[in-house]
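Colleague: coords below, sequence missing:
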């Protein structure tokens, strides 16, 4: 694995540090008036989700890890385990449902997701950024409420509650951002 200097760490980099795999979430380069410059790095553990703030000076060496990304298709869920299939080799892998966290409701049958591997260990599952959902419940439009930034609550077919524009009604398909849990556009 390549070693990089502490000042070369960028957000999104995967690092091996203190015997664990960490992803750099936020990086601030600090140049104090006295002493040398350093990078203040906020990291998240890929295995257990712990967070850590660490300082790296430019002379510090860190192992940068390359994760292998594979596109895999979601097949089914049984006993809190999600089964995915590699679209090239047709091999199947079962992962715990909590690997998706609060984005779990957006996973749909047959959906292609990106799974990041470190060797044979699956560390992360990334859903598509935009997913099509149906509005199953919402409030009726209040006449005269035409402000551009007025939104109303809506409940989607997967049970997630999002704020939607007043012109969207029940049984309409919309596109939702899976990272921000926000309405994007009509489908």
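Modeller: Okay, I see it. Keep in mind it's a predicted model, so treat the numbers as computed, not measured.
Colleague: Which residue ranges of this protein form helices?
Modeller: Taking DSSP state H as the criterion, the chain contains no helices.
Colleague: Residue ranges in it under the pLDDT threshold?
Modeller: Residues of the chain meeting the criterion pLDDT under 70: 1, 142-148.
Colleague: Domain-wise, how is it divided?
Modeller: Segmentation of the chain into domains, based on automatic domain parsing, reads 3-65, 68-126, 130-186.
Colleague: a markdown table for those domains, including mean neighbour count?
Modeller: All C-beta atoms are positioned from the backbone trio N, CA, C, and that covers glycine. Output for the domains of the chain, formatted as a markdown table (neighbours: other Cβ atoms under 10 Å):
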| stretch | mean neighbour count |
| --- | --- |
| domain 3-65 | 14 |
| domain 68-126 | 14 |
| domain 130-186 | 14 |
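Colleague: how far does stretch 59-70 stretch from start to finish?
Modeller: Start-to-end span of stretch 59-70 (Cα to Cα, to the nearest Å) is 34 Å.
Colleague: swap in stretch 13-29?
Modeller: With Cα to Cα, one end of stretch 13-29 sits 15 Å from the other.
Colleague: Can you give the contact residues for that stretch?
Modeller: Applying Cβ atoms under 8 Å, 6 or more residues apart in numbering, the contact partners of stretch 13-29 are 1, 7, 9-12, 37-47, 51-52, 54, 62-67, 118, 123.
Colleague: cutoff 7 Å now
Modeller: 1, 7, 9-12, 37, 39-47, 52, 62-65, 67, 118, 123 (Cβ atoms under 7 Å, 6 or more residues apart in numbering).
Colleague: Please apply the same query to stretch 89-97.
Modeller: Stretch 89-97 is contacted by residues 77, 80-85, 104, 122, 125 when judged by Cβ under 7 Å, 6+ apart.
Colleague: can you give me how far that stretch is from the chain middle?
Modeller: 19 Å (Cα atoms, centre = their mean, to the nearest Å).
Colleague: same deal with stretch 50-68?
Modeller: Worked out by Cα atoms, centre = their mean, stretch 50-68 lies 20 Å from the chain centre.
Colleague: Straight-line length of it, end to end?
Modeller: Start-to-end span of stretch 50-68 (Cα to Cα) is 22 Å.
Colleague: Same question for stretch 33-42.
Modeller: For stretch 33-42, the first-to-last residue distance is 22 Å (Cα to Cα).
Colleague: Next: stretch 13-21.
Modeller: Stretch 13-21 has an end-to-end distance of 10 Å (Cα to Cα).
Colleague: and it, how far out from the chain's middle?
Modeller: The answer for stretch 13-21 is 19 Å, by Cα atoms, centre = their mean.
Colleague: Let me have the contacts of stretch 89-97 in CSV, extended by distance to residue 150.
Modeller: Output for the contacts of stretch 89-97, formatted as CSV (distance: Cβ to Cβ, whole Å):
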residue, distance to residue 150
77, 37
80, 39
81, 42
82, 37
83, 42
84, 40
85, 44
104, 30
122, 42
125, 35
